[in-house]
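1. Here's my sequence, what's the structure:
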Amino acid sequence: MYLKTLMGPGDSNWRLLEKSFSGKMMYRGSEIHIIGEKPDVDNMVQIIDSLLDIITKQNELSEQEVALALNSPKERLIAEEFDAIQINSRGKPIRPKTLGQLEYVKAVKKNDIVFAIGPAGTGKTFLAMALAVAALKRKEVNRLILCRPAVEAGENLGFLPGDLQEKVDPYLRPLYDALYDILGFDIFQRYMEKGTIEVAPLAYMRGRTLDDSFIILDEAQNTTKEQMKMFITRLGFGSKMVITGDITQIDLPPDKSSGLTTVTNILTGIEGIEFVNLTEKDVVRNPLVQKIIRAYERLEQSFLKSSE
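-> You can find the predicted model right below:
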């Protein structure tokens, strides 16, 4: 049964393993044969062992998990030892899948304010949501507050049709999607109706003090210096803040500096605040995303060299 799960639908997982291996691999019945240079064989055995451990724990294995194991088998083994943060609405455990994600989760548990900076697909937002829900269920906080700058609307939400909720919903859709997956739609709706989960546009945070809350600011690269200062000074007693962003995806006007890039120099070294930098190694989407990110990074580096 384990071998069949390892192979994947139509042997899709097995093809990924074969493609990454320089030697020869074959399976027959319940046996796997690996032929090649000893270091390569030992590495593949480690990868297959880690995948079998995953199957033992959750009775299934996705192509995404195979790709992650191939990219960083040692990191995957370390991360897999970490307890699940939360069980999602489909009964699956949510846990860090890379060493970078593991450091991120540890940082959030240890500090009051954490900045998670990295490219798309590294789990910045999803893990923050899982940690927030877990804290709520353990009664460590009384509410979750979700915030995201609405750059596309110029933060002038008063000019958009509908009530506040209708205005901010399109800009907070990724946060909703994560919460639907973690909580399920019905539980999420109940929390919203009771005010346990609050959606607040960044422009509406001014003047508030947020006690006993888990506060998440997503897409923080699109805050200005002034907005970032305003936001992080909302922190009250018994609260945590997680600020996530990708400094390669800044959508601000050219004459505006990103609050996320400037805050690093200002707050680094302050106790209770930690910065976590995730990389393409922490991407948990389609393996092509990692290659795309690397390609863009090479392009950006070439621009920097040519401008020197």
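
2. Grab the nearest non-local neighbour of T261.
-> With sequence-adjacent residues excluded and distances taken as Cβ to Cβ, 6 or more residues apart in numbering, T261 is closest to I247, at 5.5 Å. C-beta: built from backbone N, CA, C; applies to glycine.

3. The one you found contacts G259, doesn't it?
-> No - with contacts counted by Cβ atoms under 8 Å, I247 stays clear of G259, the gap being 10.7 Å.

4. So the two - more neighbours on which side?
-> Neighbours per residue, other Cβ atoms under 10 Å: of I247 and G259, the larger number sits with G259, 26 against 15.

5. Tell me who's in contact with the more buried one.
-> Taking Cβ atoms under 8 Å, 6 or more residues apart in numbering, we find G259 in contact with 220, 223-229, 231.

6. avg pLDDT for stretch 33-51?
-> For stretch 33-51, the mean pLDDT works out to 85.

7. Return the alpha-carbon coordinates of that stretch using PDB.
-> Below are the C-alpha coordinates for stretch 33-51, written out as PDB (Å, rounded to 0.1, in the frame of the first residue of the first chain):
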ATOM      1  CA  HIS A  33      16.100  -0.900  -6.800                       C
ATOM      2  CA  ILE A  34      18.400   2.100  -7.100                       C
ATOM      3  CA  ILE A  35      21.600   1.900  -9.100                       C
ATOM      4  CA  GLY A  36      24.200   4.600  -9.400                       C
ATOM      5  CA  GLU A  37      27.100   6.400  -7.600                       C
ATOM      6  CA  LYS A  38      27.100   5.700  -3.900                       C
ATOM      7  CA  PRO A  39      26.500   9.400  -2.700                       C
ATOM      8  CA  ASP A  40      23.600   9.700  -5.200                       C
ATOM      9  CA  VAL A  41      22.100   6.400  -4.100                       C
ATOM     10  CA  ASP A  42      22.400   7.300  -0.400                       C
ATOM     11  CA  ASN A  43      20.800  10.700  -1.000                       C
ATOM     12  CA  MET A  44      17.900   9.100  -2.900                       C
ATOM     13  CA  VAL A  45      17.400   6.500  -0.200                       C
ATOM     14  CA  GLN A  46      17.200   9.300   2.300                       C
ATOM     15  CA  ILE A  47      14.600  11.100   0.200                       C
ATOM     16  CA  ILE A  48      12.500   7.900  -0.200                       C
ATOM     17  CA  ASP A  49      12.700   7.200   3.500                       C
ATOM     18  CA  SER A  50      11.400  10.700   4.300                       C
ATOM     19  CA  LEU A  51       8.600  10.300   1.800                       C
END
